[in-house]
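Asker: need a 3D model of the following:
(2 chains)
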Amino acid sequence: MEITDKMIEKLTDLSRLNFDGDQRDKIKGDLEKMIAFVDTLNTINTDGVEPLIYMTKEPLELRKDTIGTELSQAEALSNATSKDSDYFKVPKVLDK
Amino acid sequence: MALSDYSFINLVSVREDIVSKKISALDLVELYLIRATKEDKYNAFLEVFSDSARTAAAALDQKIASGEAIGELAGAIIGIKDNLCYKDHCVGASSKILDGFKSLYTASAVQNLIDQDAIIIGRLNCDEFAMGSSNENSAYGVVKNPIDTSLVPGGSSGGSAASVAANLCMASLGSDTGGSIRQPASFTGLVGLKPTYGRVSRYGLIAFASSFDQIGPFTKSVDDSELIYRVMAGKDPLDSTCSKQPVHKKRSTQSKFTFAYYEEVINSPGLHPKTKELFFNKIEVLKAAGHEVISTSFPYLEQLVPCYYVLTTAEASSNLGRYDGVHYGARSKASEDIPSTYFNSRTEGFGPEVKRRIMLGTFVLSTGYYDAYYSKGQKVRRLIKDATDDILSKADFLISPTTPHPAFKVGEKANNPIALYLEDIFTVQANLAGNPAITVPMGTTEGGLPLGFQFLGKSFDEETLFAAASLI
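Answerer: Model prediction:
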């Protein structure tokens, strides 16, 4: 399958990744190779086969809806690059 | 006894040495701290947890002095892959994007070891986000194989393999998504176990592909593998995919087994001749001991790695969406607004292999291609699982070499991702189907490079898997 510039544009946008210059050509070539590699799946007839989605046979149980504290606010903020005492900080969203 | 003379035999004897006060836990920790720092010529350890290891050892010595009961892993000096959380310690999945990240909680599997008095000595290098088969994709450099430092140790749990092979720790934990424990264990002459999917809690394991990932041990013996497995395995309310089935406490006493193998693969020219020779030698040994060995075929051999690849990249592209540079992890200094925070932090933070997999995963999940690739992959996965179950209804185990080749040179396959993916041909089946699998050393090439023999067993029957593995 040929990967077009438009497809790369869409995939990089969805992935929130930038590929500039040479890297863009490289990822295009890599994707084409990888897609050709996985295309062999389409040689298998899967008519009427249910997709395998969950690996566990046991029914998934919901936990009890009880209130608990897993992380304090200070803990949750502790790994942020930018924060103040109460919030994660991000670059300005709205201009004045 | 001079401390430096202490040589590790197995985890049970370490515990006995501690209990009988032949050596103190603190002395053991000091010995291994020296090894993990001064003798790590392999770039295996990313960080050594000196303070917490000393504190844990002192507490253990205190317990022994006061006659308190001690855990099954007392004195076990264990390293953990850099994708396992350990509260108040850094963890980074060998990625720049998690530079400086400190765990807020401990992975259940690691906690289970600590609860049995194991001592966590440090975190071990790996391929970034566990994506790779050679440990050449770490942001912190290539790990070298202690058997020959010009060779890769395998991956993605390369540091976990190298550290145990070089006696820098007694055992280690890794994670296995498509062979990331078994392949490096094979390349370094160790025992490596991937438990059944859902047998060991994944809580606190940095996710790569959630329906494939399992935590498992690297050890020098099947007995040690079994001991660590038993301590780690079992239900966990913090991981809803973790099974509630009880963990058997004893090895199966079954003594005669039927083994199946793929004759056409073993005879394929793509296999190293020594791999084939050693594998057939072991088959003869098994037959001579009265076991039955049958040849079988598998209709989806060609689809194994592609199916693994489509599904794991899809899951990875979703799992790695959380690294946005906002709540934790590295943020790009070039961020001017919200979109550029996301784009630049991710572009600067992730390495090339991770980006490649995110892109493929995004492709297979995207509108217009979802049915042809992702959904197709899930259907083929069902067929692979059913065909695997079918083989295991006729045989107790599927056996194979763990890898087609011994460890390769650093850089040899770095520019050919597809060649690297083919290294996973024997290992991915267990992750696709969810079954447990173990590798044990089966011998070496003329050049002294180890090769592994793999047993793939029935789900939730590790007890019988250990019984079979001890035959080799």
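
Asker: how many neighbouring residues does B:Ser133 have?
Answerer: B:Ser133 has 29 neighbouring residues, counting by other C-beta atoms under 10 Å in any protein chain shown. Heads up, the C-betas are built off the backbone N, CA and C, glycines and all.

Asker: pLDDT score assigned to it?
Answerer: Reported pLDDT at B:Ser133 in the predicted model: 92.

Asker: repeat that for the one 4 residues further on.
Answerer: In the predicted model, B:Asn137 carries a pLDDT score of 96.

Asker: the strands in chain B, which residues?
Answerer: B:45-48, B:77-81, B:119-124, B:171-176, B:191-194, B:214-219, B:258-262, B:292-296, B:397-401, B:437-444, B:450-456 (DSSP state E).

Asker: quick one: strands adjacent to the last one?
Answerer: Just to be clear, that refers to strand B:450-456. Partners of strand B:450-456 in the sheet, by DSSP bridges, are strand B:397-401 (antiparallel), strand B:437-444 (antiparallel).

Asker: of the ones you listed, which is nearest B:Ala387?
Answerer: B:Ala387 sits nearest to strand B:397-401 of all these, at 10.6 Å, using C-beta to C-beta.

Asker: is B:Thr37 in contact with B:Leu46, as I believe?
Answerer: No: B:Thr37 is beyond contact range of B:Leu46, at 12.0 Å (criterion: C-beta atoms under 8 Å).

Asker: distance of the residue nearest to B:Glu264 when sequence neighbours are not counted from B:Thr444?
Answerer: Spatially, and ignoring its direct neighbours in sequence, B:Glu264 is nearest to B:Ser297 (6.4 Å; C-beta to C-beta, 6 or more residues apart in numbering or on different chains). In this view, B:Ser297 and B:Thr444 are 29 Å apart by C-beta to C-beta, to the nearest Å.

Asker: and for B:Tyr229?
Answerer: From B:Tyr229 across to B:Thr444, the span is 26 Å (C-beta to C-beta).

Asker: also B:Ile391?
Answerer: Distance, B:Ile391 to B:Thr444, using C-beta to C-beta: 29 Å.

Asker: which of those two has more neighbours?
Answerer: Each of B:Ile391 and B:Thr444 has its neighbours counted (other C-beta under 10 Å); B:Ile391 has more, 20 against 15.

Asker: check the more buried one and give its pLDDT.
Answerer: Predicted confidence (pLDDT) for B:Ile391: 98.

Asker: so where's the chain uncertain?
Answerer: Reading this off chain A. Confidence mapping of chain A against pLDDT under 70 gives the ranges A:96.

Asker: not quite, go with chain B.
Answerer: Along chain B, segments meeting pLDDT under 70 span B:1-3, B:414-422.

Asker: got the contact list for the spatially most central residue of it?
Answerer: The structure's chain B has its C-alpha centroid closest to B:Ile181; by C-alpha atoms, centre = their mean the separation is 2.6 Å. Contacts for B:Ile181 (C-beta atoms under 8 Å, 6 or more residues apart in numbering or on different chains) come out as B:Ser157, B:Ser160, B:Gly174, B:Ser175, B:Gly192, B:Leu193, B:Lys194, B:Gly216, B:Pro217, B:Phe218.

Asker: would you reformat the residues you listed as a markdown table and include distance to chain A and neighbour count?
Answerer: Converted to a markdown table, the contacts of B:Ile181 look like this (distance: C-beta to the nearest C-beta, whole Å; neighbours: other C-beta atoms under 10 Å in any protein chain shown):
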| residue | distance to chain A | neighbour count |
| --- | --- | --- |
| B:Ser157 | 21 | 38 |
| B:Ser160 | 23 | 41 |
| B:Gly174 | 19 | 33 |
| B:Ser175 | 15 | 29 |
| B:Gly192 | 21 | 35 |
| B:Leu193 | 18 | 32 |
| B:Lys194 | 13 | 33 |
| B:Gly216 | 16 | 30 |
| B:Pro217 | 21 | 31 |
| B:Phe218 | 23 | 34 |
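
Asker: so which of these comes closest to A:Leu62?
Answerer: Ranked by distance to A:Leu62 (C-beta to C-beta), the contacts of B:Ile181 are led by B:Ser175 at 26.7 Å.

Asker: neighbours of the closest residue to B:Val29 other than its chain neighbours, how many?
Answerer: Distances taken as C-beta to C-beta, 6+ apart put B:Ala57 closest to B:Val29, at 4.1 Å, once the chain neighbours are dropped. Number of residues near B:Ala57 (other C-beta under 10 Å) recorded here: 25.

Asker: do the same with A:Asp5
Answerer: For A:Asp5, using other C-beta under 10 Å, the count is 9.

Asker: contacts for stretch B:272-281 next, please.
Answerer: By C-beta under 8 Å, 6+ apart, the residues outside stretch B:272-281 that reach it are B:261, B:266-267, B:400-401, B:403-406, B:442-443, B:445-446, B:451, B:453.

Asker: isn't B:Tyr323 up against B:Glu348?
Answerer: No: taking C-beta under 8 Å as the definition, B:Tyr323 is not a contact partner of B:Glu348, at 11.2 Å.

Asker: these two: which has the busier surroundings?
Answerer: Here B:Tyr323 and B:Glu348 are compared on neighbour count by other C-beta under 10 Å; more neighbours surround B:Tyr323, at 24 against 17.

Asker: and the gap between the residue most central in space within chain A and B:Gly368?
Answerer: In chain A, the centroid-proximal residue (C-alpha atoms, centre = their mean) is A:Ser15; its distance is 6.5 Å. A:Ser15 sits 16 Å away from B:Gly368 when distances are taken as C-beta to C-beta.

Asker: likewise B:Lys102?
Answerer: As judged by C-beta to C-beta, B:Lys102 and B:Gly368 stand 41 Å apart.

Asker: okay, these two: which has more neighbours?
Answerer: Neighbour count, other C-beta under 10 Å: between B:Lys102 and B:Gly368, B:Lys102 has more, with 17 against 9.
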